[in-house]
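Trainee: What shape does this take:
(one chain, ligands or ions: 1)
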Amino acid sequence: MILLFGIGNSKLKQFYLDDCTCSNCNQTLQHRFTVKGHYFSFFFVPVVPLYKSTTAECIHCRIELPKSRWNVNLNEKFNRAMAFKPAKRPWWHFFGCMGVLVVLLGFAVLVGYYYNDLKEDPEIQSRVQELRDVGENDELIYEDGDAALNEDVNVEPIDSITTFFKN
Ligand SMILES: [Zn+2]
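Mentor: Here you go, the predicted model:
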């Protein structure tokens, strides 16, 4: 079986800002800002959100620079725009995480369901009743027929089984 995993990304936000000074050609004009969200993917399904990356593209020289290479002017313009409306990740970047949660919840529900079934199983019920009767009558007859040891019989294990099923 081939396991396919890697890092994918999607555009979270893209916008234009005027009067930005280019870090490359030093012209002051419009720039296009792009924020991407990266995620760890498994079989092309996003599982865990990772880091975000931001680039600015100068419309004059067409160079696309990562945030680490921006000048003060670009940083200021960008931070002001982001403070007004931050870039948020879409819900499906968490798709894999949610999937795992759903599977775990489903498993818990199933266990609860079958545990109730087990309690109501007539065979188990009658067995529990048998053990209860033995406990109440306090007459545990051993295979060799020796009932003389009754007083020493510790019925603790029987009680703990019935308590288990009562709960
Ligand atoms: Zn430029």
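Trainee: Tell me how far Val45 lies from the ion.
Mentor: 38 Å (CB to the ion, to the nearest Å). Just so you know, the C-beta spots here come from the backbone N, C-alpha and C atoms, and that holds for glycine as well.
Trainee: For that residue, give me its contacts.
Mentor: Applying CB atoms under 8 Å, 6 or more residues apart in numbering, we find Val45 in contact with Phe95, Gly96, Gly99.
Trainee: Who wins on neighbours among these?
Mentor: Gly96 (19 neighbours; other CB atoms under 10 Å).
Trainee: Can you check what pLDDT the model gives that residue?
Mentor: We note a pLDDT of 87 for Gly96 in this prediction.
Trainee: The one helix or strand it maps to - contacts with which helices or strands?
Mentor: Assigned by DSSP states H and E, Gly96 falls within helix 95-120. Packing partners of helix 95-120 (3 or more CB pairs under 8 Å, 6 or more residues apart in numbering; DSSP states H and E): strand 45-58.
Trainee: Enumerate the positions of the strand it packs on that are buried.
Mentor: Of all the residues in strand 45-58, those buried under the rule 16 or more other CB atoms under 10 Å are Pro46, Val47, Pro49, Leu50, Thr54, Thr55, Ala56, Glu57, Cys58.
Trainee: Domain map for this structure?
Mentor: Structural domains assigned to the chain are 5-98, 121-166, following automatic domain parsing.
Trainee: Residue numbers of this structure in contact with the ion?
Mentor: Listed as neighbours of the ion in the chain under the rule CB under 5 Å from the ion: Cys22, Asn24, Cys25, Cys58, His60, Cys61.
Trainee: So the second one, which state does it fall into?
Mentor: To tie it back to what came earlier, the one meant is Asn24. Classification of Asn24 using DSSP: H, G, I helix; E, B strand; the rest coil returns coil.
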